[in-house]
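Novice: A predicted structure for the sequence below; I have some questions about it.
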Amino acid sequence: MAEITYLEAIREALFEEMDRDANVFCLGEDIGGYGGAFKVTEGLLDRFGESRVIDTPISETGIVGAAAGAAHMGMRPVVEMQFIDFIASAYDMLTNYVATARYRAFLPCPMVVRGPSGGYVRGGPFHSQNPEAGFIHTPGLKVVYPSTAEDAKGLMKAAIRDDDCVLFFEHKYLYRRIKAEMPAGDHVVPIGKARVAREGRDLSIITYAATVWKALEAAETLAKEDGLSVEVIDLRSLAPLDDEAIQTTVRKTNRALVVHEDTRTGGIAGEITARINETSFAWLDAPVLRVTAHDVPLPYAPQLEDFVLPQTTDIVRAARTVAAY
Amino acid sequence: MPTDRRTPRRAATSGPATAARGAGKPSAALSGEQRLDLYYWMRLTRTLEERLVALYRQTKVVGGLFRSLGQEADAVGSAYALERRDVLSPLIRNLGSMLVKGATPVEILKQYMAKGDSPTRGRELNIHFGDTERGFIGQISPLGDMVPVMAGVTLSFKMRGEDRVGLVYVGDGATSTGPFHEGINFAAVQRCPLVVVVENNGYAYSTPTSKQTAATRFVDKAIGYGIPGERTDGNDVLAVYDVTRRAVDRARRGEGVSLVELMTYRRKGHAEHDNQSYVPDGEIEQWERENDPITRYIARLRDEFDVTEDEISAIDDRVRREVDEATDVAERSGPPAALDGLVGIYADPPSEKPLWYREGQDAAVAAHERAEGWGTFNASKASS
């Protein structure tokens, strides 16, 4: 089987799920005839028609709310945010309405909100964000953020089949840079399970999305230059978090570095660090450190963006500090 | 004091040029029994709320109490225009609409009293609950949010070719929100079978409509969405039924969204605690005296439809009996079990675990297992 990109893997999942289940439909801005700003939904309109591939007004709250209403009635909508930055416009609908629906009213809300996320692409403040932390903080929502093409497909299929709302973050830097052959058959990756991206003994790097690849580069450098055996954990799901995988790796290597592209304060690295402290303090040989973006809106100029975002060299340097402690 | 005093002048039915006006009076086809039905629902709404006031004063209502006094006709008449299979989304002053759709007084009372077997098992307050089987969707407090949701509910009807209509209530205040605009626009573009009812009761909490919008009539907003709108006297239950029914019929015919503005008046405060200091002197009393929807309907039933005083008082007695019985049943229920508060945030996992400090001492120790040989204390050795 030929290799396909991370973006094509998402598209393949959408095709397969819409084929499999007539209740699955897509809605979003410019997703039909145009195929979406990044062409993720290209070809869906021709195959499934206007009633299942709906071009909407520019209305993030309206689209997310409509998806929730349709989901209550048994549909399985997949909403595209043209850029995930715009999900902020639907924050009320997602956190107040969707996230509480099952708990307060026993209303099922099986829906997916997906969109291109993340930086390293010179997108500036409104086309580069990683807003996952705000939603992880909201009980009732699930959040996934794949780093590989296989996971992009498998997690999308799991998200569409999940009986609750799943926010599906797609890293736009990875869209066309990452390729893989898809596993044969109905490839579904369970939500809530992390993946060991590289095995190691001396130090764990816990991360997700684009920084998985930077962590793997850093691990390679640390192996060559320092003789360190670094384990890299790709979380894949951020809500629910795979506590077992985090515990297992920390108790194995006794040293942990948490890395993410999102800003530092209130970012998920703080949560992971707190959980390690609560469950595995006695196993630690060093403090848990974080490598994250600086606490600034993401700037446009390459010199600025590269400085603000975490780079491989930052991870190498922080890992050496943790290893030497 | 505010100068924009609201007078109980009875609003005539009117609408923008696009309105499908005067398409008959569906209420003319109502049977005598159905006309008494409308009275029953209005009376039940009022009597049930009066009972809730008594329970509130006895501190048996745990949270706030929201009245629809003076708005019973708009709630009941509009919901009555729907079929059983149709779906509505109520607002805080649509107790009457929910009763018409099949919510029971026992459910309402248990809900207000936070009982463990209330419709939301003690999770939500007041009339915030729903039942898709009976055709009402539980609202949330952020106003306007139900418009996009009902756009989606009715979109699903359209996609599946189901002969069903949706109706969503918003107040004068909610028309200022983004979700109102986004939802109605989305539904209009998609030609969803949706009726949007603006209950114009003069106040959003303490804010008069003059501070809510520069528009003089909410029905005029329909033009901006390319949909028809109609406005009528919200305190005339038959007029409410007529206008809503025309909009419902349009939706059922596949002609898309309509806006309905019902002119009414909120005689009580936003909630029971609100002393209405912002209302001009005499305004409430004038509405009570001159434009009470139940008093008006009784007069019409008597004068136009030959209904007798005995028939009216028989309904009043029946309502009183039903509310008494419902109160007895509701008061017998117990509170929810605390651990139920952790259940059902997701389908999977089915429940959250209590945090360790809410478990017994043993559980707390177990949650803090220690590395072999750590320190001087070992949980497993200490307990053996």
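Specialist: It's in.
Novice: Excluding sequence neighbours, find me the nearest residue to the closest residue to chain A within the stretch 151-300 of chain B.
Specialist: At 2.6 Å from chain A, residue B:152 is the closest residue in the stretch 151-300 of chain B, using CB to the nearest CB. Glycine gets a C-beta too; all of them are placed from N, C-alpha and C. Spatially, and ignoring its direct neighbours in sequence, residue B:152 is nearest to residue A:69 (2.6 Å; CB to CB, 6 or more residues apart in numbering or on different chains).
Novice: hang on, the earlier thing: hang on, the residue of the stretch 151-300 of chain B closest to chain A in a helix?
Specialist: Yes: judged by DSSP: H, G, I helix; E, B strand; the rest coil, residue B:152 forms part of a helix.
Novice: Give me every residue in the stretch 51-200 of chain B lying close to chain A.
Specialist: Contact residues, the stretch 51-200 of chain B versus chain A (CB under 8 Å from any CB of the partner chain): B:120, B:123-124, B:128-130, B:132, B:137-138, B:140-142, B:145, B:147-157, B:159, B:178-179, B:182-183, B:185-187, B:189-190.
Novice: could you pull out the strands for chain B?
Specialist: For chain B, the strands defined by DSSP state E cover B:87-89, B:166-171, B:194-200, B:203-204, B:207-208, B:229-233, B:258-263.
Novice: quick one: average confidence on the last one?
Specialist: Pointing back at strand B:258-263 there. For strand B:258-263, mean pLDDT is 98.
Novice: and what of the first one?
Specialist: For strand B:87-89, mean pLDDT rounds to 98.
Novice: Could you list every helix and strand in contact with that strand?
Specialist: helix B:146-160, strand B:166-171 (3 or more CB pairs under 8 Å, 6 or more residues apart in numbering or on different chains; DSSP states H and E).
Novice: Off-centre distance for that strand?
Specialist: From the chain centre to the centre of strand B:87-89 is a distance of 9 Å (CA atoms, centre = their mean, to the nearest Å).
Novice: just the fourth one next, same as before
Specialist: The gap between the average C-alpha position of strand B:203-204 and the chain average comes to 15 Å, counting by CA atoms, centre = their mean.
Novice: Not counting it itself, show me its contacts.
Specialist: Residues from elsewhere that reach strand B:203-204, judged by CB atoms under 8 Å, 6 or more residues apart in numbering or on different chains: B:171, B:172, B:173, B:174, B:209, B:212, B:266, B:270, B:278, B:279.
Novice: List the residues that contact the nearest residue to the fourth one once chain neighbours are set aside.
Specialist: In this case it means residue B:174. Nearest residue to residue B:174, sequence neighbours excluded (CB to CB, 6+ apart): residue B:143, at 3.9 Å. The contact partners of residue B:143, by CB under 8 Å, 6+ apart, come to B:170, B:171, B:173, B:174, B:177, B:180.
Novice: follow-up on the earlier one: now the strands of chain B in a markdown table, with distance to residue A:7 and mean neighbour count?
Specialist: What follows is those, written out as a markdown table (distance: least, CB to CB, whole Å; neighbours: other CB atoms under 10 Å in any protein chain shown):
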| stretch | distance to residue A:7 | mean neighbour count |
| --- | --- | --- |
| strand B:87-89 | 38 | 26 |
| strand B:166-171 | 36 | 29 |
| strand B:194-200 | 35 | 29 |
| strand B:203-204 | 46 | 21 |
| strand B:207-208 | 48 | 17 |
| strand B:229-233 | 44 | 25 |
| strand B:258-263 | 41 | 29 |
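Novice: how about a markdown table for these, with distance to residue A:36 added?
Specialist: Output for the strands of chain B, formatted as a markdown table (distance: least, CB to CB, whole Å):
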| stretch | distance to residue A:36 |
| --- | --- |
| strand B:87-89 | 31 |
| strand B:166-171 | 29 |
| strand B:194-200 | 27 |
| strand B:203-204 | 39 |
| strand B:207-208 | 41 |
| strand B:229-233 | 35 |
| strand B:258-263 | 32 |
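Novice: Residue B:71 is nearest to which of those strands?
Specialist: Nearest to residue B:71 among these is strand B:194-200 (6.7 Å), distances taken as CB to CB.
Novice: Run the angle between that closest one and strand B:166-171 for me.
Specialist: Put simply, strand B:194-200 runs at 20 degrees to strand B:166-171, going by axes from the mean of the first three to the mean of the last three CA atoms, to 10 degrees.
Novice: What pairs with strand B:194-200, parallel or antiparallel?
Specialist: strand B:166-171 (parallel), strand B:258-263 (parallel) (DSSP bridges).
Novice: where does residue B:23 land on pLDDT?
Specialist: 57.
Novice: What lies in contact with the longest helix seen in chain A?
Specialist: Ordering each helix of chain A by length in residues (DSSP state H) puts helix A:210-226 first. Outside of helix A:210-226, the residues within contact range by CB under 8 Å, 6+ apart are A:118, A:120, A:147-148, A:171, A:173-174, A:178, A:197-198, A:200, A:203, A:205, A:207, A:228-230, A:232, A:234, A:259-261, A:310-312, A:315-316, A:319-320, A:323.
Novice: Buried among the residues you listed? Make that a ChimeraX selection.
Specialist: In ChimeraX, this line selects whichever of these come out buried by 16 or more other CB atoms under 10 Å in any protein chain shown:
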select /A:118,120,147,148,171,173,174,178,197,198,200,203,205,207,228,230,232,234,259,260,261,310,311,312,315,316,319,320,323
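Novice: Now, the contacts of helix A:210-226 that are in helices?
Specialist: Short answer: those in helices (DSSP H) are A:312, A:315, A:316, A:319, A:320, A:323.
Novice: ok, the residue of the stretch 151-300 of chain B closest to chain A to residue A:107 distance?
Specialist: With distances taken as CB to CB, to the nearest Å, residue B:152 is found 12 Å from residue A:107.
Novice: Have a look at those two and say which one is more surrounded.
Specialist: residue B:152 (31 against 22; other CB atoms under 10 Å in any protein chain shown).
Novice: isn't that one right up against residue A:61?
Specialist: No: using CB atoms under 8 Å, residue B:152 is not in contact with residue A:61, being 11.7 Å away.
Novice: Please list all residues in contact with the closest residue to chain B within the stretch 151-300 of chain A.
Specialist: Nearest residue of the stretch 151-300 of chain A to chain B: residue A:163, at 3.7 Å (CB to the nearest CB). With contact set as CB under 8 Å, 6+ apart, residue A:163 has these partners: A:108, A:110, B:346, B:347, B:348.
Novice: Over to residue B:71?
Specialist: Neighbours of residue B:71 in contact, by CB under 8 Å, 6+ apart: B:93, B:96, B:199, B:201, B:234, B:235, B:264, B:265, B:266, B:293.
Novice: Please list the residues of the stretch 201-325 of chain A that sit near chain B.
Specialist: Counting by CB under 8 Å from any CB, the positions of the stretch 201-325 of chain A adjacent to chain B are A:240, A:251, A:282, A:283.
Novice: Count the neighbours of the second one for me.
Specialist: As a burial measure, residue A:251 scores 16 neighbours (other CB under 10 Å).
Novice: That one contacts residue A:283, correct?
Specialist: Yes: between residue A:251 and residue A:283 there is a contact under CB under 8 Å: 4.6 Å.
Novice: where do the helices sit along chain B?
Specialist: B:32-57, B:72-79, B:95-100, B:105-112, B:146-160, B:178-190, B:221-225, B:237-252, B:283-290, B:293-305, B:309-332, B:361-367, B:379-383.
Novice: Give me the neighbour count for residue B:324.
Specialist: 13.
Novice: Sweet, I'm off.
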